[in-house]
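J.: only geometry, no sequence info:
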């Protein structure tokens, strides 16, 4: 029987089309390792990062696994003076997810969400299925039916 994560149950309940993937992992892998394990284009595989702004509000940023979130661009996107990553130990009580299994879908509560504009170049994007070892692939159109988000330039440019 196929394992269903909370993210998959939420997508099913909303009648959202998605494709699920699983890979063998006992602990969090880097996003690049996940893309390689799934034999997927690393530019199409995204990681979910949770931040806290100067105002103490929380924000979610979804960026390609091979890229790094530019905290200045992130702050500008959400209208904060600055943002910083939430500490790993704060992630589970805040979102319901652990490091390596954090998904923009199905968090304990909704946080303003931003997806890197590079996602617009793909029919679908792949992101965490809410548990280490699981990923889901969803179109941005379908994702927008689940969670409101904005596209923004969010990554460091070398």
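T.: Now that the structure is in, tell me what you want to look at. Small disclaimer: the values here were computed from a predicted structure and weren't measured.
J.: and stretch 122-131, what's its mean pLDDT?
T.: Stretch 122-131 carries an average pLDDT of 95.
J.: who's in contact with it?
T.: Residues from elsewhere that reach stretch 122-131 (C-beta atoms under 8 Å, 6 or more residues apart in numbering): 5-8, 19-22, 35, 38, 40, 43-48, 62, 97, 100-106, 115, 119, 134-140, 143. The way it works is simple: take the backbone N, C-alpha and C, and place the C-beta from them, glycine included.
J.: Sort out which residues of that stretch are buried, please.
T.: 122, 124-131 (16 or more other C-beta atoms under 10 Å).
J.: Same question for stretch 95-114.
T.: 95-97, 100-107, 111-114.
J.: mind listing the strands for this protein?
T.: Counting by DSSP state E, the chain has strands at residues 19-22, 46-53, 58-64, 83-85, 112-116, 125-128, 134-138, 149-152.
J.: can I get those strands in CSV with distance to residue 75?
T.: Below are those laid out as CSV (distance: least, C-beta to C-beta, whole Å):
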stretch, distance to residue 75
strand 19-22, 32
strand 46-53, 7
strand 58-64, 9
strand 83-85, 5
strand 112-116, 11
strand 125-128, 22
strand 134-138, 27
strand 149-152, 11
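J.: Please name whichever of the ones you listed is nearest to residue 91.
T.: Distance to residue 91, taken as C-beta to C-beta, is lowest for strand 46-53 among those, at 6.2 Å.
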